[in-house]
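S.K.: sequence and predicted model, in that order:
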Amino acid sequence: DAGVTQSPTHLIKTRGQQVTLRCSPKSGHDTVSWYQQALGQGPQFIFQYYEEEERQRGNFPDRFSGHQFPNYSSELNVNALLLGDSALYLCASSLVGGSTDTQYFGPGTRLTVL
Amino acid sequence: AQSVTQLGSHVSVSEGALVLLRCNYSSSVPPYLFWYVQYPNQGLQLLLKYTSAATLVKGINGFEAEFKKSETSFHLTKPSAHMSDAAEYFCAVTGPTGDMRFGAGTRLTVKP
């Protein structure tokens, strides 16, 4: 049983560019959440997708957008990249996304903005 | 809004010693609390979770945590540290739809 997978593993972009990160949830899971983890900090909640819609959003600007596909996989898009967007981006999947559900995390995508 | 605070960004113990990592929470509703571990260059792995069934929660790798409402705490302990326990540990609380709010993390170092 494959766990949560993310691609790419690493990515280098320059300021002002756009980036797309991808996530495939654990088999049987229908909810995907995205987190940003800056160096030396805890993960920060970006948003959560359920039934192909954004269900909840953290304190992130509109430059951060996402999508969920019918097969429950998800993309995170970041426009107009800033140096401060450099971070590890983590995807987590769960079933339904309730408050007691265990979220299973992928290995992350390391984004470096130069 | 729910939040957690981890006391101590770095904890160092000797191999075989007690591990105690501190977490305090703030929540206006009964909280659901989690401890995750992160090894270098990896994602987060669940150690244990509290969902109100029992105040003492046992997790993987010999870790356990006790929910204390009167102290608003959910500290993580392990009786005897092993070298392989060296990692970053995160306490988290979930909102109504499962959005997790993490603490800043505690880096555990285990000395031989």
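M.R.: Sure, I can see it.
S.K.: secondary structure element for the residue sitting nearest the centre point of chain B?
M.R.: The residue lying closest to the centre of chain B (CA atoms, centre = their mean) is B:Trp35, at 3.7 Å. Under DSSP states H and E, the secondary-structure element containing B:Trp35 is strand B:33-38.
S.K.: paired strands for the helix or strand following that strand, with orientation please.
M.R.: The first helix or strand that comes after strand B:33-38 along the chain, using DSSP H and E, is strand B:44-50. Based on DSSP bridges, the pairing partners of strand B:44-50 within the sheet are strand B:33-38 (antiparallel).
S.K.: what's the nearest residue to the residue nearest to the centre of chain B if we skip its chain neighbours?
M.R.: Sequence neighbours aside, B:Leu47 is the residue nearest to B:Trp35 in space, at 4.4 Å (criterion: CB to CB, 6 or more residues apart in numbering or on different chains). The C-beta positions use only the backbone N, C-alpha and C, and glycine is treated the same way.
S.K.: okay, the strand holding B:Trp35 in PDB with CA atoms only?
M.R.: Only the C-alpha atoms of strand B:33-38 are listed here, as PDB (Å, rounded to 0.1, in the frame of the first residue of the first chain):
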ATOM      1  CA  LEU B  33      -3.900  16.500  20.200                       C
ATOM      2  CA  PHE B  34      -1.200  14.800  18.300                       C
ATOM      3  CA  TRP B  35       2.600  14.200  18.500                       C
ATOM      4  CA  TYR B  36       4.600  13.700  15.300                       C
ATOM      5  CA  VAL B  37       8.200  13.000  14.700                       C
ATOM      6  CA  GLN B  38      10.300  14.200  11.800                       C
END
